[in-house]
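Asker: predicted coordinates and the sequence they were generated for:
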Amino acid sequence: ALSEAHPGEDVVAISHGGSIRAAVAHALRIGPDNALHLSVQNLSLTRLERHPEGWRVVCVNELPGY
C-alpha cells in the first residue's frame, strides 16, 4: 500500500471514481454495495488521512473555487 511504502509522508494519487469510492468505503468501513451509492465528482479532491486507529475521511468532492 502507498501509505505503508511512505510512512509519515504525504502521498498524492490520481485515480478514477471507482477506486476513490472503494478507498472511501474502506475508510468508512462500509461494504462494497454501499460504496456504489457514493458520488465522486470529476476533477474533485478526496482527502484521506491514515492514523494509528484507522483512516479519516477529510473531504470528498472538494472542488477548486474558480
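Answerer: On my side now, so go ahead. Note that the structure is a prediction, hence the values are computed from the model and not measured.
Asker: what about this structure, any weak spots by pLDDT?
Answerer: For the chain, applying pLDDT under 70 flags the ranges 66.
Asker: hey, which helix is longest across it?
Answerer: If each helix of the chain is counted by residues according to DSSP state H, the longest one is helix 17-28.
Asker: so how far is stretch 39-54 from its chain's centroid?
Answerer: In terms of C-alpha atoms, centre = their mean, to the nearest Å, the centre of stretch 39-54 is set 3 Å apart from its chain centre.
Asker: run through who's touching the longest helix of the chain.
Answerer: Identification of contacts with helix 17-28 by C-beta atoms under 8 Å, 6 or more residues apart in numbering yields 15, 31-32, 34-36, 38, 40, 42, 46, 48, 54-57, 60. Yep, even glycine has a C-beta here, placed from its N, CA and C like the rest.
Asker: which among those residues gets closest to Glu9?
Answerer: Glu9 lies nearest to Leu48 out of these, by C-beta to C-beta, at 13.9 Å.
Asker: burial check on that closest one, number of neighbours?
Answerer: Neighbour count of Leu48, defined by other C-beta atoms under 10 Å: 19.
Asker: in a helix, that's where it is, yeah?
Answerer: No - Leu48 sits outside any helix when classified using DSSP: H, G, I helix; E, B strand; the rest coil, being strand.
Asker: tell me how far it lies from Ala35.
Answerer: In this structure, Leu48 and Ala35 are separated by 14 Å, where distance is defined by C-beta to C-beta, to the nearest Å.
Asker: ok, Ala22 next?
Answerer: Look at Ala22 and Ala35: by C-beta to C-beta, they are 6 Å apart.
Asker: same question for Ser3.
Answerer: Going from Ser3 to Ala35 by C-beta to C-beta gives 19 Å.
Asker: Arg56 now?
Answerer: Distance, Arg56 to Ala35, by C-beta to C-beta: 17 Å.
Asker: same question for Ala5.
Answerer: Using C-beta to C-beta, one gets 24 Å for the distance from Ala5 to Ala35.
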